[in-house]
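*Asks:* coords please:
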Amino acid sequence: MAESFTMVAALNAALRDSLEHDDRLLVFGEDVGRAGGVFRVTDGLQDAFGEQRVFDTPIAEAAIAGAAIGLALAGWKSVVEMQFDGFSYPALDQVISHWAKFRQRTRGRVDLPIVMRIPSFGGIKGKEHHGESPETYYVHTAGLKVVVPSTPLDAYRLLRLSIADPDPVIFLEPKSRYWSKEEGALTVDGPRIGEARVLREGADCAIVTYGAMVTRVLAAADVLAAEGVQARVVDLRSLVPLDLSAVGAAARDTGRVVVVHEAPKTLGMGAEIAATVMEEAFDYLQAPVARVTGWNVPYPPASLEDLYLPSVERIAEAARRTVAY
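*Replies:* As a prediction, the model looks like this:
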């Protein structure tokens, strides 16, 4: 019988297996040691590997990111946690000015093997700074890789691959999916960083998404199928590098593309996907690229969260309009 994993358990296993595999790996951040992390992702790791390898830091995100640079220059690998998406912003100067620049600054002589884990996105009725979508800050910063798992098994795979990568990786964890379950084996076999996954085939339109929105898009695809509309569902997984071939193929094969993300619409990933589709498949398009996103406002209080996030019906309606165009 296949074992079932939550995303929290899969991420914990990825950290545990990586710490066992590489004795130069460190895990640190706010409350990741004794408490095991706010979401329990690092639970038990300090007991297993000691306070020298899994340890708590002061509440100082810039210092956490800066320390990881010095450790990398001394030959260590680091997985650092920013406790919530909105808490990662004090570290942006270190990430933008140094993490992303070191390989070019040293003409390729210096690796910077650092992973920044960020519990991200909404869906948990969180307070301000606890439900934000910071991806485009990092995607726009050349020199970083940016990945977003949507399922437990892929979270394990992506985190193991990210830790093994010689360059800095921003690892955005959809916290509303932390307690989702998936059956199977924890393995690094499968799609790599930079490769998207087609989770559902369909010839009428393609719906491109990532992270927590994958589940809602699949639900919308079920609604559409009952109406006779077959939607291809593409889980990007990797925002940098972006799988141009998968996006282009989805647009060429269907002629219609809908992009879904929960970040605000303006300059979100939807804009980048739309531009990519225009470049890769302009002559194949039969309708404008549609975007279903959050609104151009700060993330709302819990009572308004359901109105902010893309719903199954909003996604399905955008696909209907696109197919009928």
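*Asks:* list the contacts for the residue nearest to Thr293 when sequence neighbours are not counted?
*Replies:* When the adjacent residues along the chain are set aside, Thr293 lies closest to Lys265, with 4.2 Å between them (C-beta to C-beta, 6 or more residues apart in numbering). Any C-beta I mention is one placed from the backbone N, CA and C, and that applies to glycine too. Contacts were defined as C-beta atoms under 8 Å, 6 or more residues apart in numbering; by that measure Lys265 touches 271, 291, 293-296.
*Asks:* try 6 Å
*Replies:* For Lys265, the contacting residues are 291, 293, 296, taking C-beta atoms under 6 Å, 6 or more residues apart in numbering as the criterion.
*Asks:* Angles on the backbone of Asp56, please.
*Replies:* Backbone geometry at Asp56, expressed as degrees, to the nearest 10, gives phi -80, psi 150.
*Asks:* show me the contacts for the closest residue in space to it that isn't next to it in sequence.
*Replies:* Computed as C-beta to C-beta, 6+ apart, the closest residue to Asp56 that is not its neighbour in sequence is Gly33, at 4.2 Å. Applying C-beta under 6 Å, 6+ apart, one finds that Gly33 lies in contact with 46, 54-56.
*Asks:* Please repeat the previous calculation with a cut-off of 7 Å.
*Replies:* 46, 51, 54-56 (C-beta atoms under 7 Å, 6 or more residues apart in numbering).
*Asks:* quick check, nearest of these to Leu309?
*Replies:* Set against Leu309, the nearest of the contacts of Gly33 by C-beta to C-beta is Asp56 (32.3 Å).
*Asks:* From Val80, how far off is the closest one?
*Replies:* When distance is defined by C-beta to C-beta, to the nearest Å, Asp56 is 12 Å away from Val80.
*Asks:* So those two - more neighbours on which side?
*Replies:* Regarding Asp56 and Val80, a neighbour count based on other C-beta atoms under 10 Å identifies Val80 as having more, with 25 against 16.
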